[in-house]
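[1] Compute the structure for the input listed below.
(2 chains)
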2 protein chains.
Amino acid sequence: MRIGFIIYPRMTALDFVGVYDPLTRLKSMGFMPQLRWEICAYSLEVRDGAGLGFVPTKVREPLHAYDMIIVPGGFGSRKLIDDKNFIKWLKTAEPCRLKVSVCTGSLLLGAAGFLKGKKATTHLSAFDELRRFCSSVVDERIIDEGDVITARGVTSSIDLGLYLCEKLASLQAKEQIRQQMDYQHL
Amino acid sequence: MRIGFIIYPRMTALDFVGVYDPLTRLKSMGFMPQLRWEICAYSLEVRDGAGLGFVPTKVREPLHAYDMIIVPGGFGSRKLIDDKNFIKWLKTAEPCRLKVSVCTGSLLLGAAGFLKGKKATTHLSAFDELRRFCSSVVDERIIDEGDVITARGVTSSIDLGLYLCEKLASLQAKEQIRQQMDYQHL
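    Presented below is the predicted three-dimensional model:
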């Protein structure tokens, strides 16, 4: 199992880290010792919406070989949906078995064509923007359409991560990780 | 108001980003336009426990001028409590009005002497280790001792961030930020 965590300028850091934390614990807590991941960016420098700098491990490399890509939201997504080069790069994830987003990351999945005919969700403030990319926008915390999974606002990233822990490993894995994260809400 | 977010090798990224998200929204959402912060490290390179690289904005600079420092937890804290140079650096935060930690970050506040005579909390797995540094370990999500505030496990970072939004700005600020973060649990 190989995950590509997508990062980009002016993303929301918590959208990314909220799902990264429980998923990477699948490895550190021994549930999926073979789990691997990369931090994938199209630009060499990535700062979140408040200026925090992250270091990508792969820059402008195609995404087709990942089993799952995860796209966070953030103000930067609004600009990138019209950035032909970024969207062309994101489209290289087409063969990935799971295409996942948090918050307005779903706008990027949509701009790449991955939401066609699918139900999806996004941050409450972006429901109208998302409509043109999908069959319907649903006001739920996580929408699982099989190969495409979208989560709603920022902190839904944590719920999404735990949801994926159960999907990829087991209910027991999810529960132990949730306890280790001191997360009482699910 | 000037915040120093402390980062260090093998910290837990979510401990840091969970409190960073709501606090930085105090500025971006207009509640504290003058709010400033730095990402402070003792080492030039900082990777979290799962390998994610962060870019500090200040390296080995004294911490005395911040109004608040915030120290995340993570496996790296266990090594750093015995690292004389790191603790000497952390002690430069002594004059800061607020010294705050998430998870095992409280072990580092403790090693710097900031918890003497105070109640404190930490990750459930570190209660025994924390005892030697403070007057008593309390099993609550957030312990506010005035100048020292400690939060329990990983995701309590988000609750701490929202708690600080109310403390530094207002209940209204906290509520609007909580909604923007799509956080339903408080």
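
[2] What angle do helix B:13-28 and the top helix by length along chain A make with each other?
    Counting by DSSP state H, the longest helix found in chain A is helix A:13-28. With axes from the mean of the first three to the mean of the last three CA atoms, to 10 degrees defining the directions, helix A:13-28 sits at 180 degrees from helix B:13-28.

[3] in helix A:13-28, what counts as buried?
    A:13-27 (16 or more other CB atoms under 10 Å in any protein chain shown). Where you see a C-beta, it was placed from the backbone N, CA and C, and this is true even at glycine.

[4] all helices in chain A, in order from the N-terminus.
    Along chain A, counting by DSSP H, helices occupy A:13-28, A:76-80, A:84-91, A:105-111, A:127-131, A:156-168, A:171-180.

[5] Point me to the residue sitting closest to the centre of chain A.
    In chain A, the residue lying closest to the centroid (CA atoms, centre = their mean) is residue A:70, at 2.7 Å.

[6] quick one, what contacts the residue lying closest to that one once chain neighbours are set aside?
    What sits nearest to residue A:70 in space, not counting adjacent residues and going by CB to CB, 6 or more residues apart in numbering or on different chains, is residue A:100, at 4.5 Å. Residues near residue A:100 by CB atoms under 8 Å, 6 or more residues apart in numbering or on different chains: A:19, A:68, A:69, A:70, A:71, A:148, A:149, A:150, A:151, A:160, A:164.

[7] circling back to that earlier point, check which helices and strands the longest helix of chain A is in contact with.
    For helix A:13-28, the elements it packs on are strand A:2-6, strand A:68-71, strand A:98-102, helix A:156-168, helix A:171-180, helix B:13-28, judged by 3 or more CB pairs under 8 Å, 6 or more residues apart in numbering or on different chains; DSSP states H and E.

[8] export these to JSON lines and tack on distance to residue A:110?
    JSON lines is the format used below for the helices and strands packed on helix A:13-28 (distance: least, CB to CB, whole Å):
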{"stretch": "strand A:2-6", "distance to residue A:110": "14"}
{"stretch": "strand A:68-71", "distance to residue A:110": "10"}
{"stretch": "strand A:98-102", "distance to residue A:110": "9"}
{"stretch": "helix A:156-168", "distance to residue A:110": "17"}
{"stretch": "helix A:171-180", "distance to residue A:110": "28"}
{"stretch": "helix B:13-28", "distance to residue A:110": "24"}
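
[9] Any chance of the ones you listed in TSV with distance to residue A:115 and mean pLDDT as columns?
    Shown next, in TSV, are the helices and strands packed on helix A:13-28 (distance: least, CB to CB, whole Å; pLDDT from 0 to 100):
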stretch	distance to residue A:115	mean pLDDT
strand A:2-6	15	98
strand A:68-71	11	98
strand A:98-102	9	98
helix A:156-168	16	98
helix A:171-180	26	98
helix B:13-28	26	98
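
[10] Mind checking those for the one nearest to residue A:31?
    helix A:171-180 (4.2 Å; CB to CB).

[11] And the closest one, what's buried?
    Result for helix A:171-180 [16+ other CB under 10 Å]: buried residues A:173, A:174, A:176, A:177, A:178, A:180.

[12] mind checking how far it is from the chain centre?
    Between the centre of helix A:171-180 and the centre of its chain there are 20 Å (CA atoms, centre = their mean, to the nearest Å).

[13] so the residue nearest to residue A:70 bridges to which residues?
    residue A:70, residue A:149 (DSSP bridges).

[14] roughly how far apart are it and chain B?
    Separation of residue A:100 from chain B (CB to the nearest CB, to the nearest Å): 17 Å.

[15] which residues touch the closest residue to residue A:79 other than its chain neighbours?
    Distances taken as CB to CB, 6+ apart place residue A:10 nearest to residue A:79, at 7.5 Å, with adjacent residues excluded. Contact analysis of residue A:10 by CB under 8 Å, 6+ apart lists A:47, A:48, A:49, A:74, A:75, A:76, A:79.

[16] Report the buried members of the residues you listed.
    Looks like those have A:47, A:48, A:49, A:74, A:76 buried, using 16+ other CB under 10 Å.

[17] returning to that earlier point: can you give me every residue that contacts the residue nearest to the centre of chain A?
    A:3, A:4, A:5, A:6, A:16, A:19, A:20, A:100, A:101, A:102, A:105.

[18] Ok, residue A:80 next?
    Residues near residue A:80 by CB under 8 Å, 6+ apart: A:8, A:86, A:87, A:108, A:111.

[19] Let me have those residues in a markdown table, extended by neighbour count and distance to chain B.
    Output for the contacts of residue A:80, formatted as a markdown table (neighbours: other CB atoms under 10 Å in any protein chain shown; distance: CB to the nearest CB, whole Å):
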| residue | neighbour count | distance to chain B |
| --- | --- | --- |
| A:8 | 27 | 15 |
| A:86 | 23 | 21 |
| A:87 | 16 | 25 |
| A:108 | 28 | 18 |
| A:111 | 21 | 22 |
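
[20] With distance to residue A:169 added, can I get these in CSV?
    Formatted as CSV, these follow (distance: CB to CB, whole Å):
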residue, distance to residue A:169
A:8, 28
A:86, 32
A:87, 32
A:108, 27
A:111, 31
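
[21] got the residues of chain A near chain B?
    Contact residues, chain A versus chain B (CB under 8 Å from any CB of the partner chain): A:12-14, A:17-18, A:20-21, A:24, A:27-28, A:39, A:49-50, A:52-55, A:57, A:103, A:123-124, A:152-156, A:158, A:180-185.

[22] Near residue A:113, how many other residues are there?
    Close neighbours of residue A:113, defined as other CB atoms under 10 Å in any protein chain shown, add up to 12.

[23] Now do the contacts for it.
    residue A:91.

[24] For chain A, give me the ranges with low pLDDT.
    A:186 (pLDDT under 70).

[25] ok, residue A:135 touching residue A:117?
    Yes: using CB atoms under 8 Å, residue A:135 is in contact with residue A:117, at 5.3 Å.
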